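Trainee: here you go, sequence then predicted model.
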Amino acid sequence: MEKCKVSFPRFGNYHIPLEFLFTKGLGVEYITPPPSTKRTLELGAKYSPDYVCSPFKFNLGNYIEAIEAGANTLVQTGGTCRLGYYGELQEQILNDLGYHVKFVNMSKASYSNPLTFYNEFKKINPNLNLQKVTSALIATLKMVECIDEIDDFVRQNVGFEVKDGEMEKIQDEYLETLKTAETKKDIEKITKNYKKKLKDVKVKKPKKLMKVGIVGEYYTIMEPFSNHFIEKELAKKGIVIYRWMNVTNSILHNTGKEQKKTIKPYVKYYMGATSMATVCKTLEWAKEGFDGIVHVKSFGCTPEIDAMPVLQKISNDYKIPILYFSFDSQTSETGIQTRLEAFYDMIMMRKEKK
Amino acid sequence: MKKAYLGIDIGSISTKGVIIDEDNKILASEYLWTEGNPIDAVKRLLKALETQFKKKTYQIVSVGTTGSARKLIGAMVGASVVKNEITAHAIGTTSLYPDVRTILEIGGQDSKIILIEDGIVVDYAMNTLCAAGTGSFLSSQAKRLGVEVEEFGKIALQSKKPTNIAARCTVFAESDLVHKAQIGHKKEDIIAGLCKAVVTNYLNNVGKGKKILPPIVFQGGVSKNIGVTKAFEEATGHDVIVDPNSHLMGALGVAILAKKSKVENDFSFDITDMEFSTIGVECQKCANHCEIICVYRDKKMIDSWGNRCENGAIPIKK
């Protein structure tokens, strides 16, 4: 039998913990898809239905590029929106294109019952060692938390570094070093070390700090290429950026129940996917007096479209400006720049007036 | 010599320019078609502006650019301020109407709404991915109906019973218009209906969810169409102010910003005789293939942009 080479679509920096999980836990080779580029999107868009959301197109592009890099087993996750059906369709498309690969669709597994994942993993490697998987999984989750923690720190401080680019360099180096980790202990040690390095970077913060929160759809908010790097762009203008949405907060420590309580004055029923978190964080940050909120989604993302009228209401009630972005495969860079610039001017002039 | 400031607003359809003095008084102004060539349009604009003001009394010390070609023209004229059109419009309008609460703006290809409180922008929105209800839609429909777009407003006012025209999308609007014309609706009713459709579309797409409070100022090229202004008044229930210089607000705003910037370099009209050109190159250093725009003045590169990372940066010899 051919050796199993697994790949999963590119998504923020999570390819590093995924590689750890697959190599250390499942004992198979992991192919990291090349970073998403214009080519990835073009490839994906070419073979996708036009009206499907851009995350589908990015995923498909990542798959094709991963196959080109040698992958023969592709994994897709389930989800609480259309994402739940994407695996099936992508498998079909890849098949029609003549790529004969194994497709493992995790939407058959359930997050509430971890054993179902074990069953899916078994399709990747039948000689699975439960103990090994468990210990690797624990370390993987730790790694996810560490990556998210470092990311949060950079997001909130990168706009104030005295020497431009220092933090990004440290973060890149951190992620590279993480790849050498063998155990959970290694991960913790590396993270502690780099956290210190980041804290030692010289920053100069003004007295009146501008705070902007980013909310929105799961993929677009977490994959910087798909949102035209707006998070960094805003941060670099000297803004503290807050983002709650990451794998740690949304999956590992989900606070769905409390969110439901917080947003009760605005939302009565469950709205699906990330929309509840979008509303909840917008409301919390509005109450805390943030200077603005940026809402991002892929074009046609229904749960997030449903959240928008609620955000509009919060914006009126708390007098907080909200900038809405909808990305697809043909979004123009100029349009984004114009809106971001105007948003920055606006919140700055508001701040000066206060 | 007194100081003067130049503001240029280069839109997709038209190019606007103003020269102001220290008190924001307009000394010269010009409005012409961009005709798909912003560099040439700005040269023509500068030539026209040059003749309108006293060059012996005033020296332009700072230039600002706005509009969709702001970056290119900014590099060409050596602008001290290159500003997005939302901020520029807000600054221009509030300089004339300090109490304004809502700015409605419809240009050739875009439309926006800007909400103002105590003289500062508190919220805005801009149309995305769709040109329904903008100036170019109106001018293409004018052509179809065989009237000049400049006459549109006057004709619309003659209508007693505006035709209902589907407003959601230009494609639907156009086929609806053809249909209504073929079943015998009067031309003035159709034109008045179109003006209404533009307003409905604007309020649903751009103004959606925003509170439109008076005083309301309407600007951009379409504000010259009195039919649309009237439709706005009917839809909002408030008076709508249209300044005689409503098409110049962006240029005025960015001239004021140039003044405020305190970055001063004497501007010379000689640049109208220089040759400017741009070359777009696709960076081959990674799969992103960023399109890098290089701007040349008399065959010497003066600026470049479009690269997402350092690899694509092109050093400029000064």
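Mentor: Noted; the coordinates are in hand. Residues are numbered from 1 along each chain as shown, chains lettered A, B, ... in the order given.
Trainee: what helix or strand is the closest residue to residue B:86 other than its chain neighbours on?
Mentor: Excluding the flanking residues, the one nearest residue B:86 by C-beta to C-beta, 6 or more residues apart in numbering or on different chains is residue A:342, at 3.6 Å. (C-beta placed from N, C-alpha, C; glycine too.) Per DSSP states H and E, residue A:342 falls inside helix A:333-353.
Trainee: what are the contacting residues of that helix?
Mentor: Helix A:333-353 has contacts (C-beta atoms under 8 Å, 6 or more residues apart in numbering or on different chains) with A:208, A:210, A:212, A:228, A:230, A:233-234, A:237, A:239, A:291-292, A:294, A:321, A:323, A:325, B:68, B:83-87, B:118, B:120-124, B:126, B:128.
Trainee: count residues in the vicinity of the closest residue to chain B within the stretch 101-250 of chain A, would you?
Mentor: Going by C-beta to the nearest C-beta, chain B is nearest to residue A:229 of the stretch 101-250 of chain A, at 7.7 Å. Residue A:229 is flanked by 14 other residues according to other C-beta atoms under 10 Å in any protein chain shown.
Trainee: per-domain residue ranges of chain A.
Mentor: As assigned by automatic domain parsing, chain A contains the domains A:5-128, A:143-205, A:207-354.
Trainee: of those domains, which approaches residue B:102 most closely?
Mentor: domain A:207-354 (14.3 Å; C-beta to C-beta).
Trainee: distance between the ends of the closest one?
Mentor: Domain A:207-354 has an end-to-end distance of 13 Å (criterion: C-alpha to C-alpha, to the nearest Å).
Trainee: quick one: mean pLDDT for it?
Mentor: On average, the pLDDT along domain A:207-354 is 91.
Trainee: next one: stretch A:181-193
Mentor: Per-residue scores along stretch A:181-193 average to 96.
Trainee: contact partners of it?
Mentor: A:20, A:24, A:135, A:138-139, A:142-143, A:146, A:149-150, A:174, A:177-178, A:180.
Trainee: excluding chain neighbours, what is closest to residue B:235?
Mentor: residue B:199 (5.3 Å).
Trainee: so the one you found sits right up against residue B:227, yeah?
Mentor: No - using C-beta atoms under 8 Å, residue B:199 makes no contact with residue B:227, being 9.5 Å away.
Trainee: contact residues of chain B facing chain A?
Mentor: B:68, B:83-87, B:118, B:120-126, B:128, B:209, B:211, B:286-289, B:308 (C-beta under 8 Å from any C-beta of the partner chain).
Trainee: show me those that map onto strands.
Mentor: Mapping these onto strands (DSSP state E) picks out B:120, B:121, B:122, B:123, B:124, B:125, B:126.
Trainee: can you name the residues that contact whichever residue of the stretch 1-150 of chain B sits closest to chain A?
Mentor: Closest residue of the stretch 1-150 of chain B to chain A, C-beta to the nearest C-beta: residue B:86 (3.6 Å). Contact analysis of residue B:86 by C-beta under 8 Å, 6+ apart lists A:338, A:339, A:341, A:342, A:345, A:346, B:112, B:114, B:121, B:124, B:126.
Trainee: out of the residues you listed, grab the one that's most surrounded.
Mentor: residue B:114 (27 neighbours).
Trainee: and the next element down the chain from the lengthiest helix in chain A?
Mentor: Under DSSP state H, the helix in chain A containing the largest number of residues is helix A:130-157. Sequence-wise, the next helix or strand downstream of helix A:130-157 (DSSP H and E) is helix A:166-178.
Trainee: what angle do that following helix and helix A:130-157 make?
Mentor: 170 degrees (axes from the mean of the first three to the mean of the last three C-alpha atoms, to 10 degrees).
Trainee: which strands and helices sit next to helix A:166-178?
Mentor: helix A:130-157, helix A:184-200 (3 or more C-beta pairs under 8 Å, 6 or more residues apart in numbering or on different chains; DSSP states H and E).
Trainee: repeat the analysis, applying 6 Å as the threshold.
Mentor: helix A:184-200 (3 or more C-beta pairs under 6 Å, 6 or more residues apart in numbering or on different chains; DSSP states H and E).
Trainee: who are the packing partners of whichever helix or strand comes after the helix it packs on?
Mentor: Proceeding N to C from helix A:184-200, the next assigned helix or strand is strand A:211-216, under DSSP H and E. In terms of contacts (3+ C-beta pairs under 6 Å, 6+ apart), strand A:211-216 is packed against strand A:240-243, helix A:275-287, strand A:292-298.
Trainee: pick the most deeply packed of the ones you listed.
Mentor: strand A:292-298 (a mean of 26; mean count of other C-beta atoms under 10 Å in any protein chain shown).
Trainee: how far off centre is that one?
Mentor: 14 Å (C-alpha atoms, centre = their mean, to the nearest Å).
Trainee: what do you get for stretch B:42-62?
Mentor: Put simply, stretch B:42-62 sits 21 Å off its chain's centre (C-alpha atoms, centre = their mean).
Trainee: from the residues of chain B next to chain A, which would you call buried?
Mentor: When those are checked for burial by 16 or more other C-beta atoms under 10 Å in any protein chain shown, the buried set is B:68, B:83-87, B:120-126, B:128, B:286, B:288, B:308.
Trainee: can you pull the pLDDT of residue A:124?
Mentor: 84.
Trainee: ok, residue A:111 next?
Mentor: 69.
Trainee: and residue B:151, how many neighbours does it have?
Mentor: Counted with other C-beta under 10 Å, residue B:151 comes out at 12.
Trainee: and it, backbone torsions?
Mentor: phi -90, psi -10 (degrees, to the nearest 10).
Trainee: would you mind listing what in chain A touches chain B?
Mentor: Counting by C-beta under 6 Å from any C-beta of the partner chain, the positions of chain A adjacent to chain B are A:37-39, A:312, A:321, A:338, A:341-342, A:345-346, A:349-350, A:353.
Trainee: from the contact counts, what lies against the longest helix seen in chain B?
Mentor: Secondary structure of chain B per DSSP H: the longest helix is helix B:187-205. In this structure, helix B:187-205 packs against helix B:152-157, helix B:226-236, with contacts taken as 3+ C-beta pairs under 6 Å, 6+ apart.
Trainee: quick one: contacts of that helix?
Mentor: Helix B:187-205 is contacted by residues B:111, B:132-133, B:141, B:152, B:155-156, B:158-159, B:161-163, B:165, B:167, B:173, B:180, B:227-228, B:231-232, B:235 when judged by C-beta atoms under 6 Å, 6 or more residues apart in numbering or on different chains.
Trainee: what about the strands in chain B?
Mentor: B:2-10, B:14-21, B:26-33, B:58-66, B:81-82, B:102-106, B:111-117, B:120-126, B:216-219, B:240-241, B:276-282, B:291-297, B:300-305.
Trainee: quick one: the third one to chain centroid distance?
Mentor: The chain centroid and the centroid of strand B:26-33 are separated by 13 Å, computed with C-alpha atoms, centre = their mean.
Trainee: and stretch A:35-55, how far from the chain's centre?
Mentor: The answer for stretch A:35-55 is 17 Å, by C-alpha atoms, centre = their mean.
Trainee: quick check: end-to-end length of it?
Mentor: 14 Å.
Trainee: just stretch B:288-308 next, same as before
Mentor: Start-to-end, stretch B:288-308 (C-alpha to C-alpha) is 9 Å.
Trainee: do stretch B:301-309 as well
Mentor: Termini of stretch B:301-309 sit 20 Å apart (C-alpha to C-alpha).
Trainee: can you count the residues close to the residue nearest to residue B:174 when sequence neighbours are not counted?
Mentor: Distance criterion C-beta to C-beta, 6+ apart; nearest residue to residue B:174, sequence neighbours excluded, is residue B:141 at 7.0 Å. Residue B:141 has 22 neighbours, counted by other C-beta under 10 Å.
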